[in-house]
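Novice: Got a sequence here, can you build the structure:
(one chain, ligands or ions: 2)
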Amino acid sequence: MEQEPEEATIEEFKEAGKIGAKVREESRKLINIGEGVLDIAETIEGMIEEEGCTVAFPANVSINEIAAHYTPETGDEKVIGESDVVKIDMGAELNGALSDTAYTVDLSGKYGKLVEASEKALENAIKNIKAGVTVGEIGAVVEETIKGYGFKPIANLTGHRIATGMLHTGVDVPSIKTDDPYEMQAGEIFAIEPFATDGKGFVSDMEQVEIFSLYMPGKLRMRESRKLLNHIISHYGMLPFAERWLAKEFKSRLLLKNALKEMLRMQVIKGYPVLKEAGGGMVSQKEHTILVEEDGATVLTQA
Ligand code: MN
Ligand code: MN
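Specialist: Ligands and ions are numbered 1, 2, ... in the order given. Just a heads-up that it's a prediction; the model follows:
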């Protein structure tokens, strides 16, 4: 029988949070006009490793109407533009303990209110978190705050409960009022991440997929696919990984593409398509990992 992984301690979650916060703050100096997105992502991932953590998921550098799940591809030549709104989303892992944190940089200064809307929504959400509060009630706080700025929350992007080795346990924290009765419990850990937009208020999948994770066991016919599967299991486990990470190990781009294709078809892995605001609106995001307490919440990714 397979051995269940031991649960990470609260202390380890606190440490993963502290490192996430440190790297997040240090990464701000990288977000400049003309800077390459590939360089930014790789530098952030390197900083997480230098702190003694594992990169919990590929660093996301999602720009303007791209809300989430954009991580640069191999050879990506995209650079930060002078009026870009850049979301940086990163995660650190330490013995199964995870942190997940994000922020937005408004390069032109024209989207200050949009950035403030998601920041304030996060702040208000955290103020309202304590044992017994429902995730739907937190969604209502996020929605009300963002609408108060004249923007819309992105209805189909949510926060999520985190557990040892699992970024998403299946419990969502909506950004809109819902009647979801799930009550937060003391000792539980959540990533809270409001997204605000001046667009339609929901995202849709793009064709581009750069991030994947293991999904279900299945039969693979191609030798290259089986080799890739072993690599994924031993290096990333259930955590998300980027195609560009694999490209470093698998020299043939075509063989890698075909192996990924077979694994997706057999549902051995799943892909996380790049998510774009459906109305082409600008998007801001702010995220912290928090610990629910009896009478409040502790931000684990506080700088
Ligand atoms: Mn995140
Ligand atoms: Mn998250």
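Novice: The residue in the stretch 151-300 of the chain that ligand 2 sits nearest to: neighbour count?
Specialist: When scored by Cβ to the ion, the stretch 151-300 of the chain has residue 191 as its residue closest to ligand 2, at 3.8 Å. The way it works is simple: take the backbone N, C-alpha and C, and place the C-beta from them, glycine included. The tally of other residues near residue 191 (other Cβ atoms under 10 Å) stands at 25.
Novice: how close does it sit to residue 102?
Specialist: Per Cβ to Cβ, to the nearest Å, residue 191 is found 9 Å from residue 102.
Novice: hey, what's in contact with both of those two?
Specialist: residue 287 (Cβ atoms under 8 Å, 6 or more residues apart in numbering).
Novice: still on that earlier bit, and the residue of the stretch 151-300 of the chain closest to ligand 2, what's its pLDDT?
Specialist: Residue 191 carries a pLDDT value of 98.
Novice: could we number from 486 for the rest of this?
Specialist: Sure, I'll start numbering at 486, so the last one becomes residue 676.
Novice: correct me, but it touches residue 773?
Specialist: Yes - the criterion here is Cβ atoms under 8 Å, and residue 676 meets it with residue 773 at 7.4 Å.
Novice: Now do the shared contacts for those two.
Specialist: residue 586.
Novice: who's in contact with whichever residue of the stretch 686-788 of the chain sits closest to ligand 1?
Specialist: Residue nearest to ligand 1 within the stretch 686-788 of the chain (Cβ to the ion): residue 772, separated by 4.9 Å. Contact analysis of residue 772 by Cβ under 8 Å, 6+ apart lists 574, 585-588, 607, 644, 676-678, 786.
Novice: Tell me the secondary structure at residue 574.
Specialist: Secondary structure, DSSP: H, G, I helix; E, B strand; the rest coil: residue 574 is strand.
Novice: what about it, how many neighbours?
Specialist: For residue 574, using other Cβ under 10 Å, the count is 25.
Novice: Might you report the residue contacts of it?
Specialist: 544-545, 547, 553, 585-587, 770, 772.
Novice: Show me what it is bridged to.
Specialist: Beta-bridge partners recorded for residue 574 (DSSP bridges): residue 545, residue 587.
Novice: distance of it from ligand 1?
Specialist: Per Cβ to the ion, to the nearest Å, residue 574 is found 4 Å from ligand 1.
Novice: pLDDT wise, what is residue 486 at?
Specialist: At residue 486, pLDDT is 45.
Novice: Show me the strands in the stretch 586-735 of the chain, by range?
Specialist: Counting by DSSP state E, counting those that start in this stretch, one finds strands in the stretch 586-735 of the chain at the ranges 637-638, 644-647, 657-658, 674-677, 680-682, 688-699, 726-727.
Novice: Return the mean pLDDT over the first one, rounded to an integer.
Specialist: So the one you mean is strand 637-638. The average pLDDT within strand 637-638 is 98.
Novice: how much distance is there from that strand to the middle of the chain?
Specialist: 18 Å (Cα atoms, centre = their mean, to the nearest Å).
Novice: Direction included, what does it pair up with?
Specialist: Strand 637-638 has these strand partners (DSSP bridges): strand 680-682 (antiparallel).
Novice: now swap in the last one and tell me
Specialist: With DSSP bridges as the criterion, the sheet partners recorded for strand 726-727 are strand 688-699 (antiparallel).
Novice: and if you look at the fourth one?
Specialist: Using DSSP bridges, the neighbouring strands of strand 674-677 in the sheet come out as strand 644-647 (antiparallel), strand 773-778 (antiparallel).
Novice: who wins for most neighbours among the contacts of residue 574?
Specialist: Going by other Cβ under 10 Å, residue 585 tops those with 29 neighbours.
Novice: what residues are up against the nearest residue to that one once chain neighbours are set aside?
Specialist: Using Cβ to Cβ, 6 or more residues apart in numbering and skipping the chain neighbours, the partner closest in space to residue 585 is residue 676 (4.2 Å). Residue 676 sits next to 585-586, 644-645, 647, 652, 658, 772-775 when contact means Cβ under 8 Å, 6+ apart.
Novice: pLDDT added to the residues you listed, as TSV?
Specialist: Shown next, in TSV, are the contacts of residue 676 (pLDDT from 0 to 100):
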residue	pLDDT
585	98
586	98
644	98
645	98
647	98
652	95
658	98
772	98
773	98
774	98
775	98
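Novice: And for the strand or helix carrying residue 532, what's in contact with it?
Specialist: Per DSSP states H and E: residue 532 is located in helix 522-535. With contact meaning Cβ under 8 Å, 6+ apart, helix 522-535 is reached by 504-505, 508, 511-512, 515-516, 539-541, 543-546, 548, 556-557, 560-565, 573, 575-577, 729.
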